[in-house]
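**Student:** With the input below, show me the fold.
(chains A and B)
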Amino acid sequence: MPSKNEMMSKPVRLGQILIHLLFIFLCLTVILPLILTVIVSFSSEKSVMQYGYSFFPAEWSLDAYKFVFSDNSIFISYGLTALVTIIGTVISVCLCSLAGYVISRSRVKYRNVIAMFLYIPTIVGAGLIPWYYNIKEVLNLANTIWVLILPSVVSSYNIFLIRNYYKGLPDAIVEAAEIDGAGPFYIFLRIMFPLALPITATVTLFVSLGYWNDWYLATWFIDAEHQNLYPLQYYLFQTYRRLNESSGVGGGVTPTETVYLATMFVTMGPIILVYPFVQKYFVKGLTLGGVKG
Amino acid sequence: MTTKTEQQNLQPIPESGAGETAVSPAAPGRKRTPFKKLELIRNWKYYLMAAPVIVLFFLFAYLPLPGIILAFKNYTITGGIFGSPWAGLDNFKVFFGGADLWRVTRNILLLNSGNLILSTVMNVGGAILLNELFSTKAKKIYQNILFLPTFFSALLVAKFFNMMLSNDIGLINDVLKRIGLEPVMWYNNSAYWIPIVMFAMCWKGLGYGIVLYLAAISGFDGELYEAAYIDGAGKWKQVTKITLPLLKPIVILQILLAIGRIFNGDFMFVYAFVGDNYVLKETLDIVETYIFRTLLGAGGVGGTMDYGLTAAIGLYQSVLGAVVVFTSNFIVRRCNKDYALF
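**Tutor:** Numbers count the residues shown, from 1 in each chain, chains lettered A, B, ... in the order given. Model prediction:
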């Protein structure tokens, strides 16, 4: 620790102020765009077109939100995204926890074989087209809700993260339970899984965030005839396309910029809302196992 | 409570429980047949627990492997993977003959390597600076705010940058006009966009990176710094002689992981920026977006649905990626075994 003397010295204090200024600037680059998004979404299309994006719009308006909620498509997307996020996260966390636990147990003789089996695809993959072809033509999942869930449901990174955590728990717990006659399922569910709650919470958060923000799978596998299967982010992406096309034809009759920003604000709302409550688990999780993958 | 444990103790040792490894000579009616000794039978409950993940990995990571031969086929719908006629290296010739090969390869390399260098410097630098702050409260607030972009989807980030850079209504051009300068037509010149997207990636990853490195730094032994301070080492000396050397293994691991993915673009991130824009495509098209456009089309233009050609492009990318992974790992292994991935 630096002594009191050093803390008070002038160059040190100047350094502190400079660091504060730098980080305040960086934080502003995060906060200001969010504020701008909200402000522009509540201003009139005309003032945006005339004066550009502005923190002080010439004219306020609710037109964009009226337009966004004029049909129920955004509610459908919301419901779908919530459903996909919940189902996907539950399946993913359960399966990855089970597998991570199994390959952490030294009594499972072939654990390294399984670990290898899960690790190899992260180094060499078949590539984009075989992956796409397999899901679309072989497994026939395109344009179903499962295509938004299954391809990303298991991740070797998460499994190894969980395995490392289980490995860190004392072996004696399991041994004692085994001597007491408990079977593997009982030991896992009642003893080990509750002990691994910190890592499970972290993985849960990252997985659910991934599902909530995902539009990659929809881009590849959901076509224009299945608009009720558009997740929120893909809905947003398509909004941009749709608005650009219609504004080209209608000559600026439909509000474009404000509607896009209003849609964006609606989609990111839940994330901003839950962020203060969950961010500490993300940070904790990163410190738990993020360093050594 | 006591009765419960007693009951458990009284129960016969379960088939796949501790029975075989622990000594259990008294279990009546159970013989040690060779059948029972088979690992898969003995621990079947464990293997059952791992089975769903194994099946899913098989379906989504291993089942696509035969599809690699699509690259050497003239794909027809009726023929499928195996029935379609062989095309030899024709698909590769088409791709290697065109100018797109060089363009998409250059773009992906520039984007990823630039992002790697810039983000490593910014993350490590940010973590070291943040660690120097005396106020723990401020430290926490900065960390929490900077971590927020981790939660943003690529579309959000792309729109934020669009609000800054838009030709007619963007903030930067607004300021430029106000102070009497010529506005910059960002969207008319593709040359600006590799640095812009690179910077956007760094900005999004900054909070995550800072948290990662800060966690490592706060784990370092404080006595080292005290000793250095007593010996008269200033802040600069402490950072360069203690913090950086201690961070080296983590930084190298992160760089190694990133180098392994240097030919894998972030499809969502880049596509959010480039979309169907035919100007930006020149510098922002990466292998993934190029394959996507070629196969499925975009912005009203239909795709070719040519599995053969696109598989060839993908295979080219996979092979380059694998070569890079093994080479970089080999080099690191030669230098220092501890840093190697495998």
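**Student:** Work out the gap between the helix or strand harbouring B:Leu247 and the centre of the chain.
**Tutor:** Taking DSSP states H and E as the criterion, B:Leu247 maps to helix B:244-260. Distance, stretch centre to chain centre, for helix B:244-260: 14 Å (Cα atoms, centre = their mean, to the nearest Å).
**Student:** what about the helices in the stretch 51-200 of chain B?
**Tutor:** B:80-83, B:90-97, B:100-132, B:136-147, B:154-165, B:171-178, B:193-218 (DSSP state H, counting those that start in this stretch).
**Student:** mind giving me TSV with these and columns for mean neighbour count?
**Tutor:** Any C-beta I mention is one placed from the backbone N, CA and C, and that applies to glycine too. Formatted as TSV, the helices of the stretch 51-200 of chain B follow (neighbours: other Cβ atoms under 10 Å in any protein chain shown):
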stretch	mean neighbour count
helix B:80-83	13
helix B:90-97	16
helix B:100-132	19
helix B:136-147	17
helix B:154-165	22
helix B:171-178	14
helix B:193-218	21
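**Student:** Minimum distance to A:Ser54: which of those helices has it?
**Tutor:** Closest approach to A:Ser54 among the helices of the stretch 51-200 of chain B is made by helix B:171-178 (7.6 Å; Cβ to Cβ).
**Student:** is the closest one anywhere near chain A?
**Tutor:** Yes - in terms of Cβ under 8 Å from any Cβ of the partner chain, part of helix B:171-178 sits within range of chain A, namely B:171, B:173-174.
**Student:** Mind listing residues that contact that helix?
**Tutor:** With contact meaning Cβ atoms under 8 Å, 6 or more residues apart in numbering or on different chains, helix B:171-178 is reached by A:36, A:51-54, B:163-167, B:182-184, B:186.
**Student:** Narrow these to those that are buried.
**Tutor:** With burial judged by 16 or more other Cβ atoms under 10 Å in any protein chain shown, the buried subset of the contacts of helix B:171-178 is A:36, A:52-54, B:163-166, B:186.
**Student:** Relative to chain B, how far out is A:Thr219?
**Tutor:** Going from A:Thr219 to chain B by Cβ to the nearest Cβ, to the nearest Å gives 7 Å.
**Student:** leaving aside the residues next to it on the chain, what's closest to that residue?
**Tutor:** A:Tyr234 (6.5 Å; Cβ to Cβ, 6 or more residues apart in numbering or on different chains).
**Student:** Pretty sure the one you found sits against A:Asp223.
**Tutor:** No - in this structure, A:Tyr234 is not within contact of A:Asp223 by Cβ atoms under 8 Å, at 11.4 Å.
**Student:** Those two: which is more packed in?
**Tutor:** Comparing A:Tyr234 with A:Asp223 by other Cβ atoms under 10 Å in any protein chain shown, the one with more neighbours is A:Tyr234, at 23 against 12.
**Student:** what about the more buried one, helix or strand, and which?
**Tutor:** Assigned by DSSP H and E, A:Tyr234 falls in helix A:232-250.
**Student:** next one: B:Val325
**Tutor:** helix B:307-335.
**Student:** mind listing what's buried in that helix?
**Tutor:** Neighbour-count burial for helix B:307-335 [16+ other Cβ under 10 Å]: B:307-318, B:320-321, B:324-325, B:328-329, B:332.
**Student:** so which of those residues also contact chain A?
**Tutor:** Among those, proximity to chain A is found for B:307, B:310-311, B:313-315, B:317-318, B:325 (Cβ under 8 Å from any Cβ).
**Student:** which is the next helix or strand following the one helix or strand A:Val93 maps to?
**Tutor:** Following DSSP H and E, the helix or strand that holds A:Val93 is helix A:73-102. Next in sequence after helix A:73-102, counting helices and strands by DSSP H and E, comes helix A:111-123.
**Student:** and that next one, does that touch chain B?
**Tutor:** Yes - applying Cβ under 8 Å from any Cβ, one finds helix A:111-123 touching chain B at A:114, A:117-118, A:121, A:123.
**Student:** Looking at the residues you listed, which is nearest chain B?
**Tutor:** A:Pro121 (3.8 Å; Cβ to the nearest Cβ).
**Student:** Please name the residues that touch B:Asn167.
**Tutor:** B:173, B:183, B:185-188.
**Student:** now do 7 Å
**Tutor:** B:Asn167 makes contact with B:173, B:185-188, according to Cβ atoms under 7 Å, 6 or more residues apart in numbering or on different chains.
**Student:** Just give me the closest of the residues you listed to B:Ser113.
**Tutor:** Closest approach between the contacts of B:Asn167 and B:Ser113, by Cβ to Cβ: B:Trp186, at 22.7 Å.
**Student:** Let me know the pLDDT of the residue of the stretch 51-200 of chain A found nearest chain B.
**Tutor:** Nearest residue of the stretch 51-200 of chain A to chain B (Cβ to the nearest Cβ) works out as A:Pro130 at 2.8 Å. Turning to A:Pro130, the model gives it a pLDDT of 92.
**Student:** sec struct for it, please.
**Tutor:** What DSSP: H, G, I helix; E, B strand; the rest coil gives for A:Pro130 is helix.
**Student:** How about the one 10 residues further on?
**Tutor:** The assignment at A:Asn140 comes out as coil when based on three-state DSSP.
**Student:** try A:Val147
**Tutor:** helix.
**Student:** Tell me who's in contact with it.
**Tutor:** Applying Cβ under 7 Å, 6+ apart to A:Val147 gives the contacts A:135, A:141, A:217, A:221.
**Student:** Which member of those residues is positioned nearest B:Met201?
**Tutor:** A:Leu217 (21.1 Å).
**Student:** so that closest one sits in a helix?
**Tutor:** Yes - counting by three-state DSSP, A:Leu217 falls inside a helix.
**Student:** Count the residues that sit near it.
**Tutor:** 20.
**Student:** In this structure it contacts A:Leu150, no?
**Tutor:** No - the pair A:Leu217 / A:Leu150 is not scored as a contact, 9.2 Å apart, by Cβ atoms under 7 Å.
**Student:** Just the pLDDT for B:Met1.
**Tutor:** 37.
**Student:** Likewise for B:Cys202?
**Tutor:** pLDDT, B:Cys202: 95.
**Student:** Out of the ones next to chain A among the buried residues of helix B:307-335, which comes closest to A:Ile24?
**Tutor:** Taking Cβ to Cβ as the measure, B:Val325 is the one of those closest to A:Ile24, at 40.1 Å.
**Student:** Enumerate every residue touching that closest one.
**Tutor:** A:123, B:260.
**Student:** Pick out the residue nearest the middle of chain A.
**Tutor:** Centrality entry for chain A: nearest residue to the mean C-alpha point is A:Leu209, 2.2 Å, by Cα atoms, centre = their mean.
**Student:** By neighbour count, which bits of whichever strand or helix holds that residue are buried? Give me those.
**Tutor:** Element membership for A:Leu209, per DSSP H and E: helix A:197-213. Within helix A:197-213, the residues scored as buried using 16+ other Cβ under 10 Å are A:199-213.
**Student:** ok and the residue in the stretch 1-150 of chain B nearest chain A?
**Tutor:** Closest point on the stretch 1-150 of chain B to chain A, by Cβ to the nearest Cβ, is B:Gly67, at 2.8 Å.
**Student:** so that residue touches A:Gly127, yeah?
**Tutor:** No - contact criterion Cβ under 7 Å: B:Gly67 and A:Gly127 do not qualify, at 8.0 Å.
**Student:** More neighbours: those two, which one.
**Tutor:** A:Gly127 (28 against 23).
**Student:** nearest spatial neighbour of that one, skipping sequence neighbours?
**Tutor:** Here the residue nearest A:Gly127, using Cβ to Cβ, 6+ apart, is B:Gly314, at 3.6 Å.
**Student:** now B:Asn74
**Tutor:** B:Ala87 (4.1 Å).
**Student:** so where's the chain uncertain?
**Tutor:** This is for chain A. A:1-8, A:245-254, A:287-293 (pLDDT under 70).
**Student:** I was thinking of chain B, sorry if that wasn't clear
**Tutor:** In chain B, residues with pLDDT under 70: B:1-36, B:298-302, B:341.
**Student:** Domain map for it?
**Tutor:** With domains defined by automatic domain parsing, chain B comprises B:2-62, B:93-339.
**Student:** Thank you, goodbye.
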